[in-house]
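# The following block contains a protein sequence and its predicted model.
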Amino acid sequence: MKKIILSVLLAGFAMTVSAESQLSMDNRAILRRHKVMNAMEMPGSKLQMKAMKQYGIPTNHITGLIKLDNAASVEQLEAEGVNVVRVRGDIALVSMPVNDVERISALRSVKKLQLSRPLTAKMDSARRVTGIDKIHAGEGLPQAYTGKGVIAGIVDGGVEPNHINFKKEDGSTRFTSLTHIFIDNTAEDGYSVVNYSGKVNEFTIDDPNEFHGTHTTGIMAGSYKGNVSAATLQGAAGVVKDMANPYYGVAYDADIAASCGDLNEMFIALGMEGILDHAYNTGKPAVINLSVGTNVGPHDGTGVMNQYLELAGKEAIICMAAGNEGALPIALTKNLTATDNTVKTFIHPMYPDYFANYPNLRWGQIYIYSKDSTEFKANVKVINKSRNTQVLSFGIEGNTNGAPTYMSAGDGWTSDGDISHLSFTRYFNGYIGIGSWIDEDSGRYVTLLDYLVFDTSNNATGNYIIGFEAIGSEGQRIDAFCDGQYTAMSGYGLNGWTDGSTNGTINDLATGENVIVVGAYNTREHWCSLDRYSYTYGQGKYPEGQVASYSSFGTLVNGKNLPHVCAPGSTIISSSSTAYVENNSLTNDALQAKVTEGETTYYWHQQLGTSMATPVVTGSMALWLEANPKLTVNEAIDIINTTALKDDYVTTFSGDPVQWGAGKFDAYAGLKEVIRRAGNSGIKDITAKTDRLMVTSAGKNVYNVFLGDAEEMNVTIFNMQGQAVKVVAAAGDEVNVDASTLAAGVYVLNVNGAYSQKIIVK
């Protein structure tokens, strides 16, 4: 047992925690949140309602992931009342009765239980700046690449599969697999899975108040190229005219496979299983887009969901959004010394006035990690801000083995075993808990703060604030991560207290192996809407060419930097669900294009985020897989790093260079590298032909000549009379040829005596 210390000014008393528990505090915090959600009323805004749905799952069952003991079997789990839905490697996707979680977590067959964490969405020019338009046109390529023969998979919410953007020319759907997974209190296990494959026309949308999945799928694989009424700027004036839709997606010939509905870790994994099954059954390579994530977790790639993604990434290329918290101070790292062995910061409400019934709402979690198993002391503190004096402190001296101590106040917020104190109940309603354990997978000591706290009328000015301190030893590294939903970390300018950092904001799900992590940069600052006016998020807020300020990033405890690369994410115009537009009464000022077919009007609108950048890369991976169906995720990451554009915006960036990753994603240069590395290994539609030659413009009458798998280049240009007029030789498989000295006309460019292509000199 470990001592829990509570002190008020100069007075203090001690409390003790009961016997050690098998159920870690993070799982206990999830269970507590389920309990209190029914008591919390947040009427009014859609954001508040969405928060309730996101965090509250009022059901008798709960989902999660179980890492099985080496000697465990599925039958053993099922005999204990666990519904094992799927197993990948040693990780089982499960549901279980809420009241049975603690008993199940203590079973010998359970090496580790992680209850599902809620995941949040991570929200024409993109094709041009990444070279995708060149790939579609087959410019200098042996063929055009459009994703044909590849499964473009996605797991998201707000998917409208019958949007015109996902139909073939004959009107049939391009969705070859579609699953809806959602919370269902009437179902035996608390959720339902409905497969609409083969009957997509019977499905409308999983959430009529959400557009996210329709938007991201449109970027990845939207295919509508017919006429739309689209807004465009002509000088300073806006006009609306009929034109060929400029907002189609990247892999517009790929088969689309999707899972949609409610988003938590188990549902995400289960949806991915359906896509992987579909790819296996059809014998096609697959890529999966995950524009979702969480800032809760160790950020070291060791979580159970990270381990699941690593296993799944062996069968499909997975692209993951870096996150949209890059401008928020929600991380904190400090290397302790003998003379400075303490780190202190405050829990700062990000929306102090937004929730009328909950002033200065602090709602979320902060994980505090040691770099290894070395323990540290941790205290929760209430501070009088105007005086920078301590009013209340309680905490732990070491490992509580997952057993938490909660302080609570106010009706509906207290649970059995909570402690209370007048100095807390006077200024706050809600609860805050603290507990610690050794994480089995990473071997790191971790302390968790779990809180839902808001001010009472006695704290109407917000003078009393809540913070925490960690006290360690010389040479110890402390990492703290806030979930970033409603709170951040701030020093409030008080002496001895530290502000949070933005390095460390990376999506926790992105920190493992076998995933491509995508940040965002800006390609469009202004856009024209159907009301003929030009709009921006704020002049200079998202300047073109720069990394997006919101794009998350981080240096992990092992030194790994993420994201891998940045792609266009601000501002991207893509398809939006009709249900969302009409249910939310969006008008022309919010829309950039539309078309009516029959009785339905389909819409396109702008959004920004790493959610939008990620499907640019996901769709491009489908193009690369079309060229080499055996391309692996690690090969793709290496090619991305090798070919990313490092322009002046990247190399002269004044901020943290980790935010850029390798630079700007270049789909075209990457595809050339895919071909180069594949050589004569049987690439579909390339080595079946003799033409491995690519000739592209590198300037006026200057041509870049590329021959996949060539060790040397002997380039000869012949005029139409068969006379050699220019010869260039070079080592390797690529060379620039300057034809500007030749007379205007048509010529034949021949490489190594076997590969030829006509060129025009102007």
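In hand now; what should we look at?

# In the stretch 1-150 of the chain, mark out all the strands, start to finish.
Using DSSP state E, counting those that start in this stretch, the strands assigned to the stretch 1-150 of the chain run over residues 3-8, 11-16, 61-68, 83-88, 91-97, 110-115, 120-121.

# Lowest average confidence across the ones you listed, which one?
For the strands of the stretch 1-150 of the chain, mean pLDDT drops lowest on strand 11-16, to a mean of 27.

# Work out which residue lies at the spatial centre of this protein.
Note on the chain: the residue nearest the mean C-alpha position is Ala321, at 2.6 Å, using CA atoms, centre = their mean.

# quick one: that one and Ser291 touch, right?
Yes: in this structure, Ala321 is within contact of Ser291 by CB atoms under 8 Å, at 4.6 Å. Where you see a C-beta, it was placed from the backbone N, CA and C, and this is true even at glycine.

# Common neighbours of those two, please.
Taking CB atoms under 8 Å, 6 or more residues apart in numbering as the contact criterion, the common neighbours of Ala321 and Ser291 are Lys122, Gly609, Thr610, Ser611, Thr614.

# could you dump these to a markdown table with distance to Asn507?
Shown next, in a markdown table, are the shared contacts of Ala321 and Ser291 (distance: CB to CB, whole Å):
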| residue | distance to Asn507 |
| --- | --- |
| Lys122 | 7 |
| Gly609 | 12 |
| Thr610 | 8 |
| Ser611 | 11 |
| Thr614 | 10 |
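
# Could you work out the most separated pair of those residues?
Gly609 and Thr614 (8.9 Å; CB to CB).

# Give me the more crowded residue out of those two.
Thr614 (32 against 26; other CB atoms under 10 Å).

# helix or strand right after the helix or strand the more buried one falls within?
For Thr614, the enclosing helix or strand under DSSP states H and E is helix 610-627. The helix or strand immediately downstream of helix 610-627 is helix 633-643, counting by DSSP H and E.

# packing partners for that next one?
The contact analysis (3 or more CB pairs under 8 Å, 6 or more residues apart in numbering; DSSP states H and E) places helix 633-643 against strand 317-321, strand 516-522, helix 610-627, helix 667-678.

# could you redo the last one with a cut-off of 10 Å?
If contacts are counted by 3 or more CB pairs under 10 Å, 6 or more residues apart in numbering; DSSP states H and E, helix 633-643 sits against strand 317-321, strand 516-522, strand 565-570, helix 610-627, helix 667-678.

# Could you list the residues in contact with the following helix or strand past it?
Downstream of helix 633-643, the first helix or strand assigned by DSSP H and E is helix 648-651. Taking contacts as CB atoms under 10 Å, 6 or more residues apart in numbering, the residues outside helix 648-651 that touch it are 521-522, 543-547, 566, 644, 657, 660-664.

# now do stretch 744-755
The set of residues external to stretch 744-755 that reach it, using CB under 10 Å, 6+ apart, is 142, 690-695, 701, 703, 705-708, 710-720, 722, 724-726, 728, 733, 735, 737, 739, 756-762.

# repeat that with 7 Å
Outside stretch 744-755, the residues that touch it by CB atoms under 7 Å, 6 or more residues apart in numbering are 691-693, 695, 703, 705, 707, 710, 713-720, 756-762.

# what does stretch 101-110 give?
Stretch 101-110 is contacted from outside by 22-23, 27, 31, 62, 66, 68-69, 72, 76-77, 80, 82, 96, 113, using CB under 7 Å, 6+ apart.

# What residues sit buried inside it?
By neighbour count with 16 or more other CB atoms under 10 Å, stretch 101-110 contains the buried residues Val101, Ile104, Ser105, Leu107, Ser109, Val110.

# ditto for stretch 214-228
For stretch 214-228, the neighbour count (16+ other CB under 10 Å) marks Thr214, His215, Thr216, Thr217, Gly218, Ile219, Met220, Ala221, Gly222, Ser223, Tyr224, Val228 as buried.

# Now Thr596: phi and psi?
Main-chain dihedrals, Thr596, degrees, to the nearest 10: phi -110, psi 130.

# Could you export the shared contacts of Ala321 and Ser291 as TSV, including distance to Gly491 and pLDDT?
Formatted as TSV, these follow (distance: CB to CB, whole Å; pLDDT from 0 to 100):
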residue	distance to Gly491	pLDDT
Lys122	27	53
Gly609	28	95
Thr610	28	97
Ser611	31	96
Thr614	33	98
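
# So which residues of the stretch 151-300 of the chain form helices?
Counting by DSSP state H, counting those that start in this stretch, the stretch 151-300 of the chain has helices at residues 212-221, 265-282.

# what's the burial count for Asp100?
For Asp100, using other CB under 10 Å, the count is 15.

# Near the closest residue to it other than its chain neighbours, how many other residues are there?
Distances taken as CB to CB, 6 or more residues apart in numbering place Gly81 nearest to Asp100, at 5.9 Å, with adjacent residues excluded. By the other CB under 10 Å criterion, the neighbourhood of Gly81 contains 11 residues.

# tell me the contacts of Gly81?
Met96, Pro97, Asp100.

# quick one: it and Ala254, what's the gap?
Counting by CB to CB, to the nearest Å, the gap from Gly81 to Ala254 is 41 Å.

# do Asp483 as well
For Asp483, the distance to Ala254 - CB to CB - is 34 Å.

# between these two, who's got more neighbours?
Neighbour tally, Asp483 and Ala254, criterion other CB under 10 Å: the higher count belongs to Ala254, 30 against 22.

# so that one makes contact with Met621?
No: the pair Ala254 / Met621 is not scored as a contact, 10.1 Å apart, by CB atoms under 7 Å.

# Closest to Phe346 out of the shared contacts of Ala321 and Ser291?
Closest approach between the shared contacts of Ala321 and Ser291 and Phe346, by CB to CB: Lys122, at 26.1 Å.

# still on that earlier bit, how about the contacts of helix 648-651, which pair is most distant?
Pro543 and Ala662 (20.9 Å).

# between these two, which one's more packed in?
Neighbour count, other CB under 10 Å: between Pro543 and Ala662, Ala662 has more, with 20 against 15.

# Nearest residue to that one in space, ignoring adjacent ones along the chain?
Excluding the flanking residues, the one nearest Ala662 by CB to CB, 6+ apart is Ala644, at 3.8 Å.

# How much space separates that neighbour from Asn507?
Using CB to CB, Ala644 is found at 20 Å from Asn507.

# swap in Asn195?
29 Å.
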